[in-house]
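Enquirer: My questions concern the predicted model and sequence given below.
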Amino acid sequence: MSYLKKRLRSFGFAFAGIIAFVRSEPHALLHFIATIIVVAAGCYYHVTAMQWIALLIVMGIVWITEMLNTVLEKVMDHVAPGYHPRVKWIKDVAAGAVLIAAIIAFVVGLIIFIPLIF
Ligand SMILES: Nc1ncnc2c1ncn2[C@@H]1O[C@H](COP(=O)(O)OP(=O)(O)OP(=O)(O)O)[C@@H](O)[C@H]1O
């Protein structure tokens, strides 16, 4: 298989992973709706290029942390079914990463949209 075909195949798997995540995880639907609302508000209020960059970065970080957190949860459930204090630590810290990303995204959203709305 040529290099280009292999890369295209990998791209297809990665795209299928995003679809699988959105289809199977209820959190993903919320992120999807939030993303649509932010993009719609950005268009409506004509945010600047720099503001778009800030919004895209923080939204991307939320998506990435949520996806990695979900993967980690599934891995832990697979390799260590049953209660383990170490699994609790791992899952709690991963969830903490998502929370940090969400708080930062929320604050960036407020900084950008509050002056535009009022
Ligand atoms: N095997 C386990 N051992 C110890 N604590 C666990 C274990 N599984 C879950 N927990 C605790 O329960 C919390 C929630 O875990 P869970 O895997 O249900 O994630 P969640 O955030 O509810 O995700 P989802 O809603 O996608 O299932 C963890 O943060 C952890 O504190």
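Expert: Perfect, I can see it now. Numbers count the residues shown, from 1 in each chain.

Enquirer: Check which residues of the helix or strand harbouring residue 72 are buried.
Expert: Mapping residue 72 onto the secondary structure by DSSP states H and E places it in helix 49-79. By neighbour count on 16 or more other CB atoms under 10 Å, the buried set for helix 49-79 is 51, 54-55, 58-59, 61-63, 65-67, 69-70, 72-73, 76. C-beta here means a position set from N, CA and C on the backbone, and glycine is covered the same way.

Enquirer: which among those residues are in contact with the ligand?
Expert: Among those, the ones lying near the ligand by CB under 6 Å from any ligand atom are residue 73.

Enquirer: as a whole number, average confidence for the longest helix anywhere in the chain?
Expert: For the chain, the longest helix by residue count, based on DSSP state H, is helix 85-117. Averaged across helix 85-117, the pLDDT comes to 97.

Enquirer: helices and strands around that helix, which ones?
Expert: helix 49-79 (3 or more CB pairs under 8 Å, 6 or more residues apart in numbering; DSSP states H and E).

Enquirer: what angle do the helix it packs on and helix 85-117 make?
Expert: Interaxial angle of helix 49-79 relative to helix 85-117 (axes from the mean of the first three to the mean of the last three CA atoms, to 10 degrees): 160 degrees.

Enquirer: got the buried residues for the one helix or strand residue 34 maps to?
Expert: Remark: residue 34 resides in helix 26-44, with elements defined by DSSP H and E. Along helix 26-44, these residues count as buried under the neighbour rule (16+ other CB under 10 Å): 28, 31, 34, 35, 38, 41, 42.
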